[in-house]
Structures are given as C-alpha cells and as structure tokens.
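J.: show me how the following folds:
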Amino acid sequence: MIDWVPSPLISLASAGISTRLRTMAASLYIVTEGDDPGFDIFVNGQALARNEDALERLAERLHVTPLLEFFSADENSMALLLEQGAGSPDWARHLPQPQWFGATDGLLTVRTLIDFLVETPAALGSETQSVMVELREYERVLRKAAQHGLRWHLGVSWR
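T.: Take a look at the predicted model:
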C-alpha cells in the first residue's frame, strides 16, 4: 500500500508511484481544462507508463520537464488507484485542487523526446516504436490544446 499525502510539492515519482506504474497496467492520459475541449483527447499512454523511469532520466538529460511533472490529481482521477487498494481514502479526501499546465510546456517535452528518439531509435530498445506512437498522440492533443488556449495535466489510470 502506498502511504503518502499528495501535495503540489510532492511529485508522483518521489512518492514511489513511478515504480508502481511498471507493476500495474497503468496508462498516462491527458486531461484538458473544462468540460469539452471540442476535439478528441484520447491517448493510449500505456507504453509511456511502462517506460516512465527511462523517459524521466532522458528528459532530465535533455533539460526538459519529465512527463510525470505534469501530473495532477483530483478525487475522480484517483478513484481507480483506491479501488486497486493502493492508497488510503483519508488522503483522497484531502487532495489539493488540480494543477494545470500550459500546453506549450508539454509540447516542449514531447517534441524534445520525439526528436531524440528519431535520432536514437535504439534508446528504449524494443519499446522505442510504441513510445514514439504515443508521444505523437500526445503531440497531436497538446498542439490542439495550445491552439484552443487550453491548459492540461496528466492523469494516471490503473487497470
């Protein structure tokens, strides 16, 4: 069981969630601010979740914000985590307000990772292609979010 209290100052990685992403069928997905952005925001995110540790190290090496730094949670997005028995309902009642990030900030990370992986296709071994497909999905959604002036954050789904 994960024992932590979410805070804007505590990232998922420092709370041990990043390691947990590999052991559960996790998916990193995009949440846009507002009810309906007017475009499809679906992204798979399973390969990104499986490779989060490597992508975090790569982002740091490339001097861009790691994807999990864009994570924010609310009671709805954490419901699946609680259903899986990871975490305590006590901390779920005390979650901070969701944090929102500029789409261009996310685009910088995603495009930098894509550019690196295009130049270094063996960087993630057999996972490179699936990660690239998902990064391109992120790029599409974040580009549209930027065009519509929408902020975003990452959510994590556990199945």
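
J.: tell me the phi and psi of Q147?
T.: Reported as degrees, to the nearest 10, the phi and psi values for Q147 are phi -60, psi -30.

J.: I meant G45, not that one.
T.: phi 80, psi 0.

J.: was I right about it contacting E134?
T.: Yes: when contacts are counted by Cβ atoms under 8 Å, G45 is listed as touching E134 (6.0 Å). Bear in mind the C-beta positions are built from the backbone N, C-alpha and C, glycine included.

J.: residue ranges in the protein under the pLDDT threshold?
T.: Within the chain, the stretches with pLDDT under 70 are 1-24, 74-82, 84-89, 91-94, 159.

J.: redo that, cut-off 90
T.: Counting by pLDDT under 90, the ranges of the chain that qualify are 1-26, 34-36, 73-98, 156-159.

J.: I'd say W152 and I30 touch.
T.: Yes: under the criterion of Cβ under 8 Å, W152 makes contact with I30 at 5.7 Å.

J.: overlap in contacts, these two.
T.: Common contacts of W152 and I30, defined by Cβ atoms under 8 Å, 6 or more residues apart in numbering, comprise 141-142, 145.

J.: looking at these, which is nearest S157?
T.: For the shared contacts of W152 and I30, the minimum distance to S157 (Cβ to Cβ) is 15.5 Å, reached by V141.

J.: the closest one: what's it in contact with?
T.: 30, 32, 39-43, 152.

J.: got the CA positions of the helix or strand containing it in PDB?
T.: Element membership for V141, per DSSP states H and E: helix 128-147. The C-alpha trace of helix 128-147 is given here as PDB (Å, rounded to 0.1, in the frame of the first residue of the first chain):
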ATOM      1  CA  THR A 128      11.000   2.800 -28.800                       C
ATOM      2  CA  GLN A 129       8.400   2.400 -31.500                       C
ATOM      3  CA  SER A 130       5.400   2.100 -29.200                       C
ATOM      4  CA  VAL A 131       6.700   5.100 -27.100                       C
ATOM      5  CA  MET A 132       7.000   7.100 -30.300                       C
ATOM      6  CA  VAL A 133       3.500   6.300 -31.400                       C
ATOM      7  CA  GLU A 134       2.200   7.500 -28.000                       C
ATOM      8  CA  LEU A 135       4.400  10.600 -28.000                       C
ATOM      9  CA  ARG A 136       2.900  11.500 -31.400                       C
ATOM     10  CA  GLU A 137      -0.600  11.100 -29.900                       C
ATOM     11  CA  TYR A 138       0.400  13.500 -27.100                       C
ATOM     12  CA  GLU A 139       1.900  15.900 -29.600                       C
ATOM     13  CA  ARG A 140      -1.400  16.000 -31.600                       C
ATOM     14  CA  VAL A 141      -3.600  16.600 -28.500                       C
ATOM     15  CA  LEU A 142      -1.200  19.200 -26.900                       C
ATOM     16  CA  ARG A 143      -0.900  21.000 -30.200                       C
ATOM     17  CA  LYS A 144      -4.800  21.300 -30.400                       C
ATOM     18  CA  ALA A 145      -4.900  22.300 -26.700                       C
ATOM     19  CA  ALA A 146      -2.400  25.100 -27.400                       C
ATOM     20  CA  GLN A 147      -4.500  26.200 -30.500                       C
END
